[in-house]
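Participant: can't give you the sequence, but here's the structure:
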């Protein structure tokens with residue numbers, strides 16, 4: 001099997017694995033769906049307590065707005081983190097310590113020229 005065929009088979013079988021935010025969106029949607037009945041029951045219970053308290057203390061009853069109770073405000077770490085594609089477990093800075101001064105200077109010069 002060629003590499004192109006293997007990649008296309010992987011993409012078709014695991015579409016969410018290739019998009020970092022897609023897994024978070026899927027999790028958010030499934031969590032919201034699973035929590036919906038519990039949220040509705042809790043909302044009804046809280047409303048009955050507020051209504052009873054309003055009657056008991058003779059104060060006006062008003063329904064608060066709480067549509068964003070379980071809303072996720074930020075992106076998860078795995079979607080925002082810039083992942084390294086290097087396979088080496090040794091950090092690049094550690095290797096630089098063992099290079100000669102001339103090699104370090106050449107590397108810095110090359111990095112400066114390619115950035116500008």
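Facilitator: Arrived safely, thanks for sending. As the structure is a prediction and not an experimental result, all values here were calculated from the model.
Participant: What distance do you get for residue 23 to residue 75?
Facilitator: 11 Å (C-beta to C-beta, to the nearest Å). All C-beta spots, glycine's among them, are computed from the backbone N, C-alpha and C.
Participant: Who has more neighbours out of these two?
Facilitator: residue 23 (15 against 12; other C-beta atoms under 10 Å).
Participant: Find the helix or strand that that one is a member of.
Facilitator: If you go by DSSP states H and E, residue 23 is part of helix 20-57.
Participant: Going by contacts, tell me the helices and strands next to the helix or strand just after that helix.
Facilitator: Sequence-wise, the next helix or strand downstream of helix 20-57 (DSSP H and E) is helix 77-80. Identification of packing neighbours for helix 77-80 by 3 or more C-beta pairs under 8 Å, 6 or more residues apart in numbering; DSSP states H and E yields helix 20-57.
Participant: Residue 63 contacts residue 46, correct?
Facilitator: No - at 10.3 Å, residue 63 and residue 46 do not qualify as touching, with contact defined as C-beta atoms under 8 Å.
Participant: more neighbours, these two?
Facilitator: residue 46 (12 against 9).
Participant: Give me the residue at the spatial middle of the protein.
Facilitator: residue 76 (2.0 Å; C-alpha atoms, centre = their mean).
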